[in-house]
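S.K.: With the input below, show me the fold.
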Amino acid sequence: MIHPKLRRFLPLALTVLAFVLSRAVGFAQEEGAAAPAAHDTSIFETIKEGGPLIMAIWVAIIGTSVTMVTFIIQNIMQLRKDKLAPPPLIAALEQNIAAGNYQEAWATCKANNNYLANVLKAGLTRLGRGKEAVEAACAEHGLREATMLRTRNSYLSVIGVVSPMIGLLGTVIGMMGAFAVLAGSGISDPRALSGKIGEVLLATASGLFIAIPAFVSYYVFRNISQMVIVHADDIVNTLLLDIPYDELAGVQIGENFSTGAAAPTGGARKVSMALTTACPVCNGAVTPGVNPCPHCGATLDWQA
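M.R.: The predicted structure follows:
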């Protein structure tokens, strides 16, 4: 079953496939008209005369070709830098993190569904646990997101392997019919024998016609996915570079965030006037130099 998100690409895939097949059939008919024709049957009638097995094989070939075109179109649209890390999202996150509004940055990531937002959201939820925990969370979710992208692309490799086998199955069945004709009429009816052999070659060629672009697309998109993933990872690391982890120890970011959290024991919390305008305890907006926090009452140690 095709993933629901892929269904929107099926009309375009079917249109492209119908155009290619129509051109191929037209070319085959033009070639057949140039030579003495044995029968005035179209290529579809030839497939129909092959019996239920041949028709089933051609249904499988058409199905794999439609799926291949669908995955190619989806990869073209999804494997782009501005899809994994949209510039407007980057600008919004830079502004929130620079202002110390980490909860707002988390909410922004939650409102978006892409590689950058999902990875950074996982890191922000562990912000109060230190730099190592944040980096581990980003690495874990980055691997998960990258695996999803590569898995979707790997289906093209599967199609490249399966489609020649389907064509080979059609070849075997067609050869059985060709030998049956040869056994029944010998070489007295070379036209019937050549028609069966042509049916065999058509199935083989169709399998290869699908396999070649599938394999080429797989390797091209594999390299593209690696480049865009590295680009998105660099942006995540840049956004987390200047976060004052020591000042944010114990802060809760995410679903469990509470503006009424009490200040932890151990003295005043150090706050940089140059890096943040938010309380490191409750993340509430504060004016630089104000002490204590007007929201949670935490003692703030403002530093230049």
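
S.K.: So for the longest helix along the chain, mean pLDDT?
M.R.: Assignment by DSSP state H gives helix 131-185 as the longest helix of the chain. Helix 131-185 carries an average pLDDT of 84.

S.K.: what domains does the record give for this protein?
M.R.: As given by automatic domain parsing, the domain ranges for the chain are 1-24+38-245, 258-304.

S.K.: Check those domains for me: which has the lowest mean pLDDT.
M.R.: Across the domains of the chain, the lowest-scoring stretch is domain 258-304, with a mean of 60.

S.K.: Phe215 contacts Ser163, doesn't it?
M.R.: No: with contact defined as C-beta atoms under 8 Å, Phe215 does not count as touching Ser163 (9.8 Å). Placement of C-beta: from N, CA and C, glycine included.

S.K.: Compare neighbour counts for those two and give me the winner.
M.R.: When Phe215 and Ser163 are compared for neighbours, Ser163 comes out ahead with 25 against 16, by other C-beta atoms under 10 Å.

S.K.: How about that one: what's its closest non-neighbour residue?
M.R.: Sequence neighbours aside, Ile210 is the residue nearest to Ser163 in space, at 3.9 Å (criterion: C-beta to C-beta, 6 or more residues apart in numbering).

S.K.: same thing with Asn96?
M.R.: The shortest distance from Asn96 to any residue other than its chain neighbours is 3.9 Å, reached at Ala105 (C-beta to C-beta, 6+ apart).

S.K.: Which secondary structure element is home to that neighbour?
M.R.: Counting by DSSP states H and E, the element that carries Ala105 is helix 102-110.

S.K.: for that helix, packing partners?
M.R.: Here helix 102-110 touches helix 87-98, helix 115-124, going by 3 or more C-beta pairs under 8 Å, 6 or more residues apart in numbering; DSSP states H and E.

S.K.: before we move on, the earlier item: I figured the residue nearest to Ser163 hits Gly63, correct?
M.R.: No: using C-beta under 8 Å, Ile210 is not in contact with Gly63, being 10.2 Å away.

S.K.: which of those two has more neighbours?
M.R.: More neighbours surround Ile210 than the other of Ile210 and Gly63, with 24 against 12 (other C-beta under 10 Å).

S.K.: Tell me the spacing between Ala133 and Arg144.
M.R.: Relative to Arg144, Ala133 is positioned 17 Å away (C-beta to C-beta, to the nearest Å).

S.K.: which of those two has more neighbours?
M.R.: Ala133 (15 against 12).

S.K.: So which bits of stretch 126-142 are buried?
M.R.: By neighbour count on 16 or more other C-beta atoms under 10 Å, the buried set for stretch 126-142 is Arg126, Leu127, Gly128, Arg129, Val134, Ala137, Cys138, His141, Gly142.

S.K.: Redo those residues as TSV? Include distance to Ile229.
M.R.: Below are those laid out as TSV (distance: C-beta to C-beta, whole Å):
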residue	distance to Ile229
Arg126	21
Leu127	23
Gly128	28
Arg129	25
Val134	19
Ala137	17
Cys138	13
His141	12
Gly142	8
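
S.K.: Among these, which pair sits farthest apart?
M.R.: Gly128 and Gly142 (20.4 Å; C-beta to C-beta).

S.K.: Now name the helix or strand holding Ile235.
M.R.: Per DSSP H and E: helix 190-239 holds Ile235.

S.K.: From the contact counts, what lies against that helix?
M.R.: Going by 3+ C-beta pairs under 8 Å, 6+ apart, helix 190-239 lies up against helix 43-49, helix 52-78, helix 81-84, helix 87-98, helix 115-124, helix 131-185.

S.K.: Which one, of these, ends up nearest to Cys293?
M.R.: Of all the helices and strands packed on helix 190-239, helix 87-98 sits nearest to Cys293, with 19.0 Å by C-beta to C-beta.

S.K.: quick one, the longest helix of the chain and helix 52-78 angle?
M.R.: Angle, helix 131-185 to helix 52-78, by axes from the mean of the first three to the mean of the last three C-alpha atoms, to 10 degrees: 150 degrees.

S.K.: list the helices and strands helix 131-185 packs on?
M.R.: Helices and strands touching helix 131-185, by 3+ C-beta pairs under 8 Å, 6+ apart, are helix 52-78, helix 115-124, helix 190-239.

S.K.: hmm, who's touching the second one?
M.R.: Same thing as helix 115-124. Helix 115-124 is touched from outside by 84-86, 89-90, 93, 102, 105-106, 108-111, 134-135, 137-138, 140-142, 145-146, 149, 229, 232-233, 235-236, 239-240, 253-254, with contacts defined as C-beta atoms under 8 Å, 6 or more residues apart in numbering.
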